[in-house]
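[1] this one's sequence-less:
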């Protein structure tokens, strides 16, 4: 059985390090904890954040360790190490995925309390409404919690994210609507099990 992502990151965190490369341009994914990031184009990433208290690895050692772990444990999953850093006793590693399905596959052994995702779908709002993914009465405004006007929503351009499970989700654009029960935070939105919907633009 493959190890969960956080499992090998924790292993690395027990013998850490001096830092890894920088992320590329665009809107930055600046995770404060284990989380998922979704771009306007539908690209998906995830972050794992672990504490450490020793300094054994060099920057090159950590990067090599994580990349080798991915290669050996997830050969059938389109996942790459985008960025990693170490500062003030905290290690952060960000991974990019080919598809939302690859993210789910990568996380399937990772069942932490704050990141337990069994399904993830990213599509245009128009497609989601045409397919009946979301319907009247199922969404509320992220700004004031009032029920969404479904007719007005039909004319809104945006991206619809369906999350099955628990996760902190950050988006490249502003979150406009969420399903009831989704918590809005300074970083994005937090889902807490079952099927949750997030619309951003």
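    Received, thanks. Treat the numbers as computed from the prediction; the structure is a model and nothing was measured.

[2] dump the residue contacts of residue 185.
    Residues near residue 185 by Cβ atoms under 8 Å, 6 or more residues apart in numbering: residue 168. Yep, even glycine has a C-beta here, placed from its N, CA and C like the rest.

[3] check what pLDDT it gets.
    On pLDDT, residue 185 comes in at 94.

[4] for it, phi and psi?
    Per-residue torsions, residue 185: phi -130, psi 180 (degrees, to the nearest 10).

[5] and it, how far is that from residue 159?
    19 Å (Cβ to Cβ, to the nearest Å).

[6] equivalent analysis for residue 76, please.
    Look at residue 76 and residue 159: by Cβ to Cβ, they are 27 Å apart.

[7] who has more neighbours out of those two?
    More neighbours surround residue 159 than the other of residue 76 and residue 159, with 23 against 7 (other Cβ atoms under 10 Å).

[8] quote the end-to-end distance of stretch 123-138.
    Using Cα to Cα, to the nearest Å, the end-to-end distance of stretch 123-138 comes out at 17 Å.

[9] okay, buried residues for it please.
    By neighbour count with 16 or more other Cβ atoms under 10 Å, stretch 123-138 contains the buried residues 123, 125, 128-129, 133-134, 138.

[10] ok, the helix or strand where residue 116 lies: who's next to it in the sheet?
    Using DSSP states H and E, residue 116 falls within strand 116-124. Here strand 116-124 has these sheet partners by DSSP bridges: strand 159-171 (antiparallel).

[11] next, the angle from whatever helix or strand comes next after the partner strand to strand 159-171.
    Using DSSP H and E, the helix or strand that follows strand 159-171 in sequence is strand 175-179. In terms of direction (axes from the mean of the first three to the mean of the last three Cα atoms, to 10 degrees), strand 175-179 departs from strand 159-171 by 110 degrees.
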